[in-house]
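Trainee: okay, here's the prediction I keep looking at, along with the sequence it came from:
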Number of protein chains: 2
Amino acid sequence: MVSIYDIAKRAQCSTMTVSRVINNTGRISEKTRQRVKAIMKEMNYVPNHAARSLVLQQTKIISLLITDITNPFYTTLARGAEDAAQRLGYRLMFSNSDEDVKKEHEYIETVLSMRVDGVLIAPAGDQSLEHLQKLQLYNIPFVLVDREVPGIESDRVLGDSKEGSKALVEHLIQLGHRRIAFINGSPGISTARMREAGYLETLKLNDIPVNPDYMFETGYSQFDADPIIDKLLSLEEPPTAIFAANNFITLAVIRSLRSRELRIPDDMSIVCFDDLDPGYIVDPFLTIAAQPAYDFGRIGMQMLIDRIQGTANEPRSVILPSKLIVRRSSTEI
Amino acid sequence: MVSIYDIAKRAQCSTMTVSRVINNTGRISEKTRQRVKAIMKEMNYVPNHAARSLVLQQTKIISLLITDITNPFYTTLARGAEDAAQRLGYRLMFSNSDEDVKKEHEYIETVLSMRVDGVLIAPAGDQSLEHLQKLQLYNIPFVLVDREVPGIESDRVLGDSKEGSKALVEHLIQLGHRRIAFINGSPGISTARMREAGYLETLKLNDIPVNPDYMFETGYSQFDADPIIDKLLSLEEPPTAIFAANNFITLAVIRSLRSRELRIPDDMSIVCFDDLDPGYIVDPFLTIAAQPAYDFGRIGMQMLIDRIQGTANEPRSVILPSKLIVRRSSTEI
DNA sequence: CTCAATAGAGTTATCGGTAACTCAAAAGTA
DNA sequence: TACTTTTGAGTTACCGATAACTCTATTGAG
């Protein structure tokens, strides 16, 4: 592959002159500049990123670590991050941890090894603490998006899961529901804890006793809801509404209900966080707390680049509100 | 950041010894190996990828360029590619060209600059030719997935768009349809051409005259189908079925039909390529030609790594069949 | 006309790692 | 015991680029 030396030889100048032409720095006569440029073009020169970043000690690459590339919430977030990064002159490297702390660990190793300039990360869970401390140890700036991790002080962009949760449950209560089941993600993830807090608080505010039989913990990724639905339906007083903590859980729940010929919302109201991809859904019918996924990415990326370029000020938190969108999956009892 | 020199100093040995411990090469006494290993761990040493790839002339990184990160077909493909890459010891770098040749061009520049070991690419269109030739010029192995590009000889994994197309149209004809509209992607994309060929051929086989008023070309990405639906509905003999070339087009079409209170399939049958994300759709109702997206990625990645590591044999083509899945969006006339 | 300032380059060292070669001491062999 | 082989390292050069410094013509001022 053609290097700066090849160009220099051909142009009968030093590599430094070529480097100056490439970077538009230093003093170069217009004549030389044009000659070198022509030769670079002719020889199809492409600078070697590794060599450059080795000496510059910066890569202009930012790593984006999300937990599920098939979840539209995250792909939308990714798009926001990508657009912002591009605008500010950085390249993005996506990775996908699959909600798996071990896989996340491997990616962090790569990220460290590549000396990326910063990391925008939706951590797999509280156990991500260790990875994040490693980033801190190496002074690699990072911003948490969507989820926080206890023990880590850093910039972050979070959704207001608790408020969103309260809005959803309040909505159900307004519709007359009092037997509201809650199927949550893993308590090892901050959003799940916040959503539970919102659920509990709203019940309390409305003097509805908490029924442990109505509460479940599962994963945010694909899973089978049948066992849970079984239990709920076999209760003496089955719930009239289900609050599912995210879109994946909702899908599993809906599938399970459908397979039993139960209709939504007639037989069961459903509310949840995050839309199924708005671009995809032919017929949006879920009542949701919609989070501004694109902004999560966009704002997170801006904060990250601020941090990379800027002075080391206090960690900032941005909390983005979610919006209650009432559709047909919830109805009066 | 701690380098191999810091380790060497602390271990009182040469950098070469450290390098040998890292790579498990050369002759090292067990005692020294353990001592160096302990120090590396203690000092949290992480090898510098740039330095290493500079001297090794390989990065163990493969670039995956897809055209739309929000399209489940591509995210599923990406997952297949990722799994295969990981299994074979490579890291993946996703990028997203957004069906935009210019954006693709920028990513190719980055890819060249980073000297990745190979590129798995779903080209934005025929105009990608120029980028791909650049890859060829630099001897960077690449594999085309999903789409081919005239003028480029290379490994590739394609769907059998023509056969899939024929199956869909044949299915409609079997149901009694003869007025079948076809809303295609851009003719600058190979799959669109193949799908059109299948459409035309099947009509001909069944002695159905081609009606130019039934044929449209648009983009594979989000767009507004209203003008097209307007035209179709205002025809003297409006179609009874629509064949939409991909999932995005289908969505736009469905939205447009719904906004006119037209029911599917009662008022209009619809068939198309590619599922909306099977994991997402609450209630799959589209009749589709399903392509094995995961295998596109998996097989493509395997071919690519073969090519990177192996001998330079003839370019190989893998054609993956699509499967007709009949659901409720198509019915007898 | 002389000397300082500036334009337009070139030299050298370095980033962090590894290949290829070298070399002394220990171990094996005749 | 003397010589060869093996073990366990160290030295040096280089991958491709850039920072910092140096150097030589020009140019301009007085």
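Mentor: Arrived safely, thanks for sending.

Trainee: for A:Ser269, grab phi and psi.
Mentor: In this entry, A:Ser269 is assigned phi and psi values of phi -80, psi 150 (degrees, to the nearest 10).

Trainee: and what of A:Val253?
Mentor: When read as degrees, to the nearest 10, the backbone of A:Val253 gives phi -60, psi -50.

Trainee: close enough to count as contact, it and A:Ala245?
Mentor: No - taking contact to mean C-beta atoms under 8 Å, the distance of 10.5 Å between A:Val253 and A:Ala245 leaves them out of contact. Bear in mind the C-beta positions are built from the backbone N, C-alpha and C, glycine included.

Trainee: and for those two, which residues touch both?
Mentor: Both A:Val253 and A:Ala245 are in contact with A:Ile183, where contact means C-beta atoms under 8 Å, 6 or more residues apart in numbering or on different chains.

Trainee: those two: which has the busier surroundings?
Mentor: When A:Val253 and A:Ala245 are compared on other C-beta atoms under 10 Å in any protein chain shown, the one with more neighbours turns out to be A:Ala245, at 29 against 24.

Trainee: and the more buried one, what is it in contact with?
Mentor: Counted by C-beta under 8 Å, 6+ apart, A:Ala245 has contacts A:Phe182, A:Ile183, A:Asn184, A:Gly185, A:Thr191, A:Ala192, A:Arg195, A:Tyr220, A:Cys272, A:Phe273.

Trainee: for the fourth one, give its distance to DNA strand D.
Mentor: If I follow you right, that is A:Gly185. Using C-beta to the nearest atom of the strand, to the nearest Å, A:Gly185 is found at 45 Å from DNA strand D.

Trainee: tally up the residues packed near that residue, please.
Mentor: Using other C-beta under 10 Å as the criterion, the residues surrounding A:Gly185 number 25.

Trainee: okay, the residue of the stretch 201-333 of chain A found nearest DNA strand D: pLDDT?
Mentor: Per C-beta to the nearest atom of the strand, A:Gln309 is where the stretch 201-333 of chain A lies closest to DNA strand D, at 15.7 Å. The pLDDT attached to A:Gln309 in the predicted structure is 91.

Trainee: for the contacts of A:Ala245, please prepare CSV with the additional fields secondary structure.
Mentor: Below are the contacts of A:Ala245 laid out as CSV (DSSP: H, G, I helix; E, B strand; the rest coil):
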residue, secondary structure
A:Phe182, strand
A:Ile183, strand
A:Asn184, strand
A:Gly185, coil
A:Thr191, helix
A:Ala192, helix
A:Arg195, helix
A:Tyr220, coil
A:Cys272, strand
A:Phe273, strand
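
Trainee: A:Lys323 contacts A:Ala293, doesn't it?
Mentor: No - with contact taken as C-beta under 8 Å, A:Lys323 and A:Ala293 are classed as non-touching, separated by 11.9 Å.

Trainee: residue contacts, A:Asp126?
Mentor: A:Asp126 is in contact with A:Val149, A:Pro150, A:Gly188, A:Ile189, A:Ser190, counting by C-beta under 8 Å, 6+ apart.

Trainee: measure the second one to A:Ala293 for me?
Mentor: A:Pro150 sits 24 Å away from A:Ala293, taking C-beta to C-beta, to the nearest Å as the criterion.

Trainee: neighbour-wise, which of the two wins?
Mentor: A:Ala293 (26 against 8).

Trainee: count of neighbours near A:Glu314?
Mentor: Number of residues near A:Glu314 (other C-beta under 10 Å) recorded here: 7.

Trainee: just the strands in the stretch 101-250 of chain A please.
Mentor: Secondary structure of the stretch 101-250 of chain A (DSSP state E, counting those that start in this stretch): strands located at A:118-121, A:142-145, A:155-159, A:180-184, A:215-217, A:241-244.

Trainee: from the ones you listed, which stretch is densest packed?
Mentor: Among the strands of the stretch 101-250 of chain A, judged by mean count of other C-beta atoms under 10 Å in any protein chain shown, the one packed with the most neighbours on average is strand A:241-244 (a mean of 30).

Trainee: now do that strand: everything it contacts.
Mentor: Looking at strand A:241-244 with C-beta under 8 Å, 6+ apart, the contacting residues turn out to be A:165, A:168-169, A:172, A:175, A:177, A:179-183, A:199, A:232, A:250, A:253, A:268-273, A:330, A:333.

Trainee: among those residues, the buried ones, what's the PyMOL command?
Mentor: Under the burial definition 16 or more other C-beta atoms under 10 Å in any protein chain shown, those of those that qualify are selected in PyMOL by:
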select buried, chain A and resi 165+168+169+172+175+177+179+180+181+182+183+199+232+250+253+268+269+270+271+272+273+330
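
Trainee: show me where pLDDT drops low in the stretch 101-250 of chain A?
Mentor: A:222 (pLDDT under 70).

Trainee: can you list the residues of it near chain B?
Mentor: In this structure, the stretch 101-250 of chain A approaches chain B at residues A:Glu109, A:Thr110, A:Leu112, A:Ser113, A:Met114, A:Arg115, A:Lys134, A:Leu137, A:Tyr138, A:Gln222, A:Asn247, A:Phe248, judged by C-beta under 8 Å from any C-beta of the partner chain.

Trainee: tally of neighbours for A:Glu30?
Mentor: When neighbours are defined as other C-beta under 10 Å, A:Glu30 has 7 of them.

Trainee: just A:Ile264 next, same as before
Mentor: Neighbouring residues of A:Ile264 were enumerated by other C-beta under 10 Å; the total is 20.
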